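**Student:** Sequence plus the predicted model coming up.
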Protein chains: 2
Amino acid sequence: MRVGVIGGGQLARMMVPPAVELGIELRVLAESADSSARIAAAAVGDYRDAATVLAFAREVDVVTFDHEHVPQEVLAALVEAGVAVRPGPAALAVAQDKILMRRRLSAIGAPVPAWAELADAAALGAFLDAHGGAAVVKTPRGGYDGKGVRVVRDAHGADDWFEAGGPLLAEELVDFRRELAQLSARRPSGDLAVWPLVETVQRDGVCAEVTAPAPGLSIALLDQAAALAELVSAGLGVTGVLAIELFETRDGRLLVNELAMRPHNSGHWTIEGSATSQFEQHLRAVLDLPLGDTAPRSPWSVMVNVLGGPEGGMPARYPAALAAEPGVGFHSYGKEPRPGRKVGHVTAVGDDLDAVQGHARAAARFFQP
Amino acid sequence: MRVGVIGGGQLARMMVPPAVELGIELRVLAESADSSARIAAAAVGDYRDAATVLAFAREVDVVTFDHEHVPQEVLAALVEAGVAVRPGPAALAVAQDKILMRRRLSAIGAPVPAWAELADAAALGAFLDAHGGAAVVKTPRGGYDGKGVRVVRDAHGADDWFEAGGPLLAEELVDFRRELAQLSARRPSGDLAVWPLVETVQRDGVCAEVTAPAPGLSIALLDQAAALAELVSAGLGVTGVLAIELFETRDGRLLVNELAMRPHNSGHWTIEGSATSQFEQHLRAVLDLPLGDTAPRSPWSVMVNVLGGPEGGMPARYPAALAAEPGVGFHSYGKEPRPGRKVGHVTAVGDDLDAVQGHARAAARFFQP
């Protein structure tokens, strides 16, 4: 069993441990020789080049992804050549284009914020007038970690993006109580496994902390989120891990914010906190193997991202950090420190939420730049 | 931080996942291109050749081992060249020679079966006379998994081994209630971490099943085993993981059977069952990093070895096995199936020992040849 991963970031890297344990051969098409997933790199090449990707794909049983940026024409060439691509091009298209995402989510009846496709400043002005004078404007493609997203209160607040070409997406500014994320995994045969709903905290548009399960959940909300995972993954034909980023509104509704069709930052806690991690589950799912148990191993898990990181990387601080927090799981992605860059994370698990949060946050503080 | 592992077996392989998570670079000197630890292989070469091993060692910060077979003259050359070798040559010598092991254990006051170094059949006859007419005879070097071990009831029962040269070790045939194993890890600075005492079941001299913790333990026995870990690891100057295989006698004493100075089959359960696995702990210890928490994650863990394995390897049976046992951890070592060969293991964890045993054994049965 050989799985090919396009992209050598930390998500590909974190597929290595379960692949080694299960005896699955993982082969990565990496962007550079020093990619985060370099231990499993089978080739270094451009994922936008169909010939490169095809040559890579011929050596594996199934192709999956570290990111959503592989162009549709490359995906089409893979399918044409008989390669198993999971998730498939049609599903990935929805994760690649935020306007298409809103259109498809609306079509299958998933709850989304009010939205519109905007051609120009006049359309933005009309959207602002209709939605209380504020909107979240997004470029349909290429955004991540808060990039390509802007809160706008003026019809000319996105003129630079309009000038760069193409339509923009406008969404109502949701008055949310908090952000949640629903993680699931689906096999090609349709079986679905759902993890508990988690709470995510973003800072400057970047995931900072995840608590699993989200504290103070009602059974109704849990059920609604699990049903949404089923609706979206079946409705869009997703295979592998699907992360649904959600707003919990102040009046108790769930609205879909974003989708990711791969392991996701909101699921890193599953390495320590779940019987089956999202990385193992993704491998099982794309290989169409039976899915693993998603039950939590502990009542509470808290994951805190390490952004930027100290000179020398996280290991430079291990002598102090590991001594202070012997029960915490430390994860370093083998990336060069750079301001704001996700270079690792820490996870604490346990019975008492305050204590677990305390351990995770204390551990993460050792890695401040 | 770069750790070099000499030997590319499953123990080196299972160090890969924690190395990837911690961001430690693992480099393996493997016996062959298709070794179990091939994903981390930096070189293929002969561990008995000092020049090969030295060249390998120069690229890492510390050298450790997948097995105990590296000759003392090669270890001496490493130390001479300033390489950090953990465990060190003096400690490893004790794990390499069973007569030296008995001598050193006796010297530090560890409880061992009655033993003698035998020069010939006459000496064996005298030992048999003194110990009820039965003895366990062992070749001092090169034995493993029941090889080089024989129960003898006749003075000429080991003539073939005497003819092959060198002294033999004789031990009393211990009337044991069961076999136990005490796993620990020690940093060069002396800090020690101890896992709970486990019960091991051997079949034909090969580890078949491990239950953690050993059922029906008294606090006194637990304390005695933990104290023994401290005595042996400090007394012999061990760094890294130490496994002490023990007999629990029918009259309630512990006697040391064997030692291993590396991660050990009796500790595979720690991957799922402990806050820190033996493989992560070994890396921490040989890097002289603070040790992790050894608390169990579940009341019970049961590990069952997969010996031989089906044609096509364990993954060939995953469709049925993973469907039947979604909560079990599956581990395949990427080795060719061969009768009796350790090709993988499975681990179940949970609150109810009978259920956990049932899941682990049921999962293992899917991989019968």
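**Tutor:** Received it, and whenever you're ready, just let me know what you need. Numbering: from 1, shown residues only, chains lettered A, B, ... in the order given.
**Student:** Just say helix, strand or coil for the nearest residue to A:Glu325 once chain neighbours are set aside.
**Tutor:** Excluding the flanking residues, the one nearest A:Glu325 by C-beta to C-beta, 6 or more residues apart in numbering or on different chains is A:Ala363, at 4.2 Å. (Glycine included, C-beta is placed from N, CA and C.) Per DSSP: H, G, I helix; E, B strand; the rest coil, the local secondary structure of A:Ala363 is helix.
**Student:** Surely A:Ala363 and A:Val304 touch.
**Tutor:** Yes. Shown here, A:Ala363 and A:Val304 form a contact pair, counting by C-beta atoms under 8 Å, at 7.3 Å.
**Student:** what touches both of those two?
**Tutor:** Shared contacts of A:Ala363 and A:Val304 (C-beta atoms under 8 Å, 6 or more residues apart in numbering or on different chains): A:Val346.
**Student:** between those two, which one's more packed in?
**Tutor:** A:Val304 (28 against 25; other C-beta atoms under 10 Å in any protein chain shown).
**Student:** Can you give me the end-to-end span of stretch A:19-34?
**Tutor:** Taking C-alpha to C-alpha, to the nearest Å as the measure, stretch A:19-34 stretches 20 Å from start to finish.
**Student:** How about the residue nearest in space to the middle of chain A, nearest residue that isn't a chain neighbour?
**Tutor:** Nearest to the geometric centre of chain A sits A:His264, at 3.0 Å (C-alpha atoms, centre = their mean). Distances taken as C-beta to C-beta, 6+ apart place A:Ala243 nearest to A:His264, at 3.4 Å, with adjacent residues excluded.
**Student:** residue contacts, A:Phe162?
**Tutor:** A:Leu118, A:Asp120, A:Ala121, A:Leu168.
**Student:** Any buried residues in the host helix or strand of it, and which?
**Tutor:** Taking DSSP states H and E as the criterion, A:Phe162 maps to helix A:159-164. Buried residues in helix A:159-164, defined by neighbour count with 16 or more other C-beta atoms under 10 Å in any protein chain shown: A:Trp161, A:Phe162.
**Student:** Return the distance of it from the chain's centre.
**Tutor:** From the chain centre to the centre of helix A:159-164 is a distance of 27 Å (C-alpha atoms, centre = their mean, to the nearest Å).
**Student:** And stretch A:361-369, by the same measure?
**Tutor:** Relative to its parent chain, stretch A:361-369 has a centroid offset of 23 Å by C-alpha atoms, centre = their mean.
**Student:** do the same with stretch A:335-354
**Tutor:** Counting by C-alpha atoms, centre = their mean, stretch A:335-354 comes out at 15 Å from the chain centroid.
**Student:** Please name the strands paired to the helix or strand hosting A:Glu258 in the sheet, noting orientation.
**Tutor:** Assigned by DSSP H and E, A:Glu258 belongs to strand A:254-260. Strand A:254-260 has the following strand partners under DSSP bridges: strand A:240-249 (antiparallel).
**Student:** So for the partner strand, what gets flagged as buried?
**Tutor:** Going by neighbour count (16+ other C-beta under 10 Å), the buried part of strand A:240-249 is A:Gly240, A:Val241, A:Leu242, A:Ala243, A:Ile244, A:Glu245, A:Leu246, A:Phe247, A:Glu248, A:Thr249.
**Student:** Pipe those residues into JSON lines and attach pLDDT per row.
**Tutor:** What follows is those, written out as JSON lines (pLDDT from 0 to 100):
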{"residue": "A:Gly240", "pLDDT": "98"}
{"residue": "A:Val241", "pLDDT": "98"}
{"residue": "A:Leu242", "pLDDT": "98"}
{"residue": "A:Ala243", "pLDDT": "98"}
{"residue": "A:Ile244", "pLDDT": "98"}
{"residue": "A:Glu245", "pLDDT": "97"}
{"residue": "A:Leu246", "pLDDT": "98"}
{"residue": "A:Phe247", "pLDDT": "97"}
{"residue": "A:Glu248", "pLDDT": "97"}
{"residue": "A:Thr249", "pLDDT": "95"}
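**Student:** Could you report the neighbour count for the residue in the stretch 201-350 of chain A positioned nearest to chain B?
**Tutor:** For the stretch 201-350 of chain A, the residue closest to chain B is A:Ser332, as judged by C-beta to the nearest C-beta, at 2.8 Å. Counted with other C-beta under 10 Å, residues neighbouring A:Ser332 total 27.
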